[in-house]
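**Q** sequence plus the predicted model coming up.
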Amino acid sequence: MTLCNPPNQALGLSIAMDGPAGAGKSTLAKLLAERLGYLYVDTGAMYRALALKALRTGIDLTNDAALTDMAGQTCVRLERGILGNRVFLDEQEVTRDIREPEIERVVSRVSAAMGLRRYMVEQQRQIARKGGVVMDGRDIGSYVLPNADVKFFVTASLEERARRRQEQQAAKGHDIPLNELLADIAARDEQDRNKGEHSLIQTPDAILIDTTDRSVDDVMAELLSHCRRG
Ligand code: DC
């Protein structure tokens, strides 16, 4: 595998941000990175890009060995864009494609292939080697960057997370019933909690941030105060 994401050049803290789907993690991680002048690394986007490739190439999604082989021959590159990360799959831009509902449905399965994860973790550690990053995902504080300077565990109630996902999808013209989203998110939570050493867990040193009924500004002020202390 080629390490197609060069290490970040900036020096600074390494900040891990984990949490379940729809908790507001990526919005917060992106803003925090902007405020600190750091690189934002959306690790979920890396798994989404691999899920897209698996679908496009027709790989059997239950075949971990085939998924791992595919990951070893794939370059997923993140580039800083005006509206957050731009995502490139083998040098073709897929920033929008990876947010489509068919990816939502398969990405958790694809990201559960342990061999495939090893390739992605190697890339993620390489990017964060020099600090100056806010990295968001599920296993960042527990596995990818266990020595991160600041760790956040961002969560919100299941209902609120489903409502937010519904709004996001509606903005893209997809009208999805709330019940369906509640069931999807609950199923994804279950899958995210069952990925062995990569499972979504709050480590003892992570700061719990519950975003239910809180404004982005309010939460941002809290995150920044921890980073300044960090
Ligand atoms: O945060 P997201 O919805 O874009 O993540 C997409 C999928 O990838 C989701 O099913 C969880 C998984 N994921 C993971 O297993 N490990 C990470 N570090 C980030 C995301």
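**A** In hand now; what should we look at?

**Q** for the rest of this, base every contact and every neighbour count on C-alpha atoms.
**A** OK.

**Q** can you pull the contacts of residue 42?
**A** Applying C-alpha atoms under 8 Å, 6 or more residues apart in numbering, we find residue 42 in contact with 26, 85, 135, 136, 137.

**Q** also residue 87?
**A** Neighbour list for residue 87: 45, 46, 49, 76, 77, 78, 79, 93, 94, 95 [criterion: C-alpha under 8 Å, 6+ apart].

**Q** distance of the residue positioned nearest the centre of the chain relative to residue 218?
**A** When C-alpha atoms, centre = their mean is applied to the chain, the residue found nearest the centroid is residue 44 (2.9 Å). Distance, residue 44 to residue 218, by C-alpha to C-alpha, to the nearest Å: 25 Å.

**Q** same deal with residue 136?
**A** Using C-alpha to C-alpha, residue 136 is found at 19 Å from residue 218.

**Q** ok, now residue 186?
**A** For residue 186, the distance to residue 218 (C-alpha to C-alpha) stands at 27 Å.

**Q** between those two, which has more neighbouring residues?
**A** More crowded of residue 186 and residue 218, by other C-alpha atoms under 10 Å: residue 186, with 17 against 10.

**Q** around the residue nearest to that one when sequence neighbours are not counted, how many other residues sit close by?
**A** With C-alpha to C-alpha, 6 or more residues apart in numbering as the criterion, residue 186 has its nearest non-adjacent residue at 7.5 Å, and that residue is residue 158. Using other C-alpha under 10 Å, residue 158 has 20 other residues around it.

**Q** what does the chain put close to the ligand?
**A** Contact residues (C-alpha under 6 Å from any ligand atom) of the chain with the ligand: 21, 43-45, 47-48, 107-108, 111, 137-140.

**Q** quick one on the thing from earlier: filter the contacts of residue 87 down to the ones in helices?
**A** Cross-referencing those against helices under DSSP state H gives 45, 46, 49.

**Q** and the contacts of residue 42, which is closest to residue 168?
**A** Of all the contacts of residue 42, residue 168 sits closest to residue 26, with 12.7 Å by C-alpha to C-alpha.
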